[in-house]
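Engineer: Based on what follows, work out the 3D shape:
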Amino acid sequence: MKIIRRIGSSPRERGSMTGETCPDIFELSDGNFAVIGTDATEALDAELPADAVRADHERIVVVCRETLIRAKAHIPDD
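Structural biologist: Below is the predicted model:
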């Protein structure tokens, strides 16, 4: 598995010059996506809807709205 490309704008393009907030989205060689975000598992785990399940190896990650909006146009339809 390898990172193929960034989806959306880089953190620097979104104004992160210090490296303190660098959410990012990447497309992987296997067709999946990787996300860099803030781990919010503890805060949000109990808030998941009844039909949502999180495996022990999974984390709930938050990315800022701007990161996802800028990525939207770059996410393939299929």
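
Engineer: Pick out the residue closest to the middle of this protein.
Structural biologist: Geometric centre of the chain, nearest residue: residue 35, 3.0 Å, by C-alpha atoms, centre = their mean.

Engineer: In three-state terms, label that one for me.
Structural biologist: strand (DSSP: H, G, I helix; E, B strand; the rest coil).

Engineer: same thing with residue 51?
Structural biologist: Strictly by three-state DSSP, residue 51 counts as coil.

Engineer: Could you give the number of residues near it?
Structural biologist: 5 (other C-beta atoms under 10 Å). Any C-beta I mention is one placed from the backbone N, CA and C, and that applies to glycine too.

Engineer: any idea of the pLDDT on it?
Structural biologist: Per-residue confidence (pLDDT) for residue 51: 97.

Engineer: For the residue nearest to the centre of the chain, give the beta-bridge partners.
Structural biologist: Beta-bridge pairing of residue 35 under DSSP bridges involves residue 25.
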